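Novice: Sequence first, then the predicted structure, then my questions.
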Amino acid sequence: MSEKRVIKLLLADVDGTLVTKDKILTDRAIASVHAMHEAGIMLALTSGRPPRGMQKLVAPLGLKTPVAGFNGGVLVNPDMSVIESRMLSPEAAHTALKTILDKGLDAWLYTPDAWLIRKRDAPHVAREASTVGFEPVIVPEFTEEHLSKLAKIVGVGDDYDLVADAEAAAQKALGHNASAARSQPYYLDITHPDANKGFVAEWLSKRFNIPRENIATIGDMPNDVLMFVKSGFSIAMGNASDQVKSQATAVTDSFADEGFAKAVENFVLPHAG
């Protein structure tokens, strides 16, 4: 990174990046964000989580910037009031759901304010409820009404190769009608075509009149690469795959070893304006 480069905003992924495996914000991560604020660098968050699944991060981090939930499907202010949203078309929702189920994955549906599932004891449900801070709504089946107002559909499975296969199948079936990318090895997120982290980086650039070259990004999963290419400097977590690392400007340590805080300290703060 050039010594003359200035970073004015850091766009960060949440799970696998900002928080630990146990979904904890460490003291060092919090301190690094406050040091950014003091240096005049903004922090913005983007995640596959619903917006209210990030609400508990706002106060400890002192966030003043919009929060991009559903990978940019719903953008909210720090008080959770909606700025704008992008819903899947009913046609894309039908195709996405069929692809997920045909591949043998479980399916979760997210409206802007609710999480719909069919089985409470399905894999990852309890962990997700703890992560986002609210409980799912159990429905016997997914209806046309549900599919008409979706911000995100998630395919869930513990066979990581199968999830990757479903990602490729969804991308082929949906084309330009939706964005399909893994947010975790066991989660396939399907959202509006403009609801991806690359869009979030561009949206923040326009909203704050910050050139893309003055934006840094940090993440760990394939869907984070979409924002890497829309920023001037990108950082992959140490726990990221080699494929993700190869597409970043720099690599920090794992989320199990203060990788986020170290990235801020080593790559971001030295280039404050």
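Specialist: On my side now, so go ahead.

Novice: for stretch 191-211, what is the average pLDDT?
Specialist: Averaging pLDDT along stretch 191-211 yields 96.

Novice: and for it, what are the contacting residues?
Specialist: 8-9, 11, 13, 42, 44, 46, 65-66, 68, 70-73, 75, 86-88, 151-152, 176-179, 181, 212, 215, 217, 219, 223-224, 226-227, 229-232 (Cβ atoms under 8 Å, 6 or more residues apart in numbering). In this view, the C-beta of every residue, glycine as well, is placed from N, C-alpha and C.

Novice: Report how many residues lie close to the residue lying closest to residue 248 once chain neighbours are set aside.
Specialist: In space, and not counting its chain neighbours, residue 248 is closest to residue 236: 3.6 Å by Cβ to Cβ, 6 or more residues apart in numbering. Residues near residue 236, counting by other Cβ atoms under 10 Å, number 29.

Novice: Return the set of residues that bridge with residue 236.
Specialist: residue 219, residue 251 (DSSP bridges).

Novice: Please tell me how far it sits from residue 163.
Specialist: Going from residue 236 to residue 163 by Cβ to Cβ, to the nearest Å gives 20 Å.

Novice: repeat for residue 219
Specialist: Counting by Cβ to Cβ, the gap from residue 219 to residue 163 is 18 Å.

Novice: higher neighbour count, these two?
Specialist: Taking other Cβ under 10 Å, residue 219 and residue 163 do not tie; residue 219 has more neighbours (30 against 21).

Novice: show me the contacts for the more buried one.
Specialist: Contact partners of residue 219, counting by Cβ under 8 Å, 6+ apart, are 12-13, 16-17, 197, 225, 227-228, 235-237, 240, 244.

Novice: repeat for residue 214
Specialist: 5-9, 232, 273.

Novice: Quick check: strands, which of those residues are part of them?
Specialist: Assigned to strands by DSSP state E, the following of the contacts of residue 214 qualify: residue 9.

Novice: So which of the contacts of residue 214 is surrounded by the most neighbours?
Specialist: residue 7 (27 neighbours).

Novice: need the contact list for that residue.
Specialist: By Cβ under 8 Å, 6+ apart, the residues touching residue 7 are 41, 214-216, 232-233, 268, 271-273.

Novice: measure it to residue 258 for me?
Specialist: Counting by Cβ to Cβ - residue 7 and residue 258 are separated by 19 Å.

Novice: Could you do residue 215 as well?
Specialist: Distance from residue 215 to residue 258, by Cβ to Cβ: 23 Å.

Novice: again, but for residue 86
Specialist: Counting by Cβ to Cβ, the gap from residue 86 to residue 258 is 34 Å.

Novice: show me where the protein has helices.
Specialist: For the chain, the helices defined by DSSP state H occupy 27-38, 55-61, 90-102, 125-132, 144-147, 160-174, 197-207, 225-228, 242-246, 259-263.

Novice: Looking at these, spot the one closest to residue 252.
Specialist: Residue 252 lies closest to helix 259-263 among those, at 3.9 Å (Cβ to Cβ).

Novice: Other residues contacting that closest one?
Specialist: So helix 259-263 is in contact with 12, 17-18, 26, 28-29, 31-32, 218, 235, 237-239, 250, 252-253, going by Cβ under 8 Å, 6+ apart.

Novice: For the closest residue to residue 163 other than its chain neighbours, give me its contacts.
Specialist: Nearest residue to residue 163, sequence neighbours excluded (Cβ to Cβ, 6+ apart): residue 157, at 5.0 Å. By Cβ under 8 Å, 6+ apart, residue 157 lies in contact with 103-106, 123, 163, 166, 186.

Novice: Quick one, which of those are buried?
Specialist: 103, 105-106, 163, 166, 186 (16 or more other Cβ atoms under 10 Å).

Novice: So which of these is the closest to residue 115?
Specialist: residue 106 (12.9 Å).

Novice: and the closest one, what does it touch?
Specialist: Taking Cβ under 8 Å, 6+ apart, one finds 100, 117-119, 122-123, 155-157 in contact with residue 106.

Novice: Just give me the residue right at the centre of this protein.
Specialist: In the chain, the C-alpha nearest the mean C-alpha coordinate belongs to residue 47, at 2.1 Å (Cα atoms, centre = their mean).
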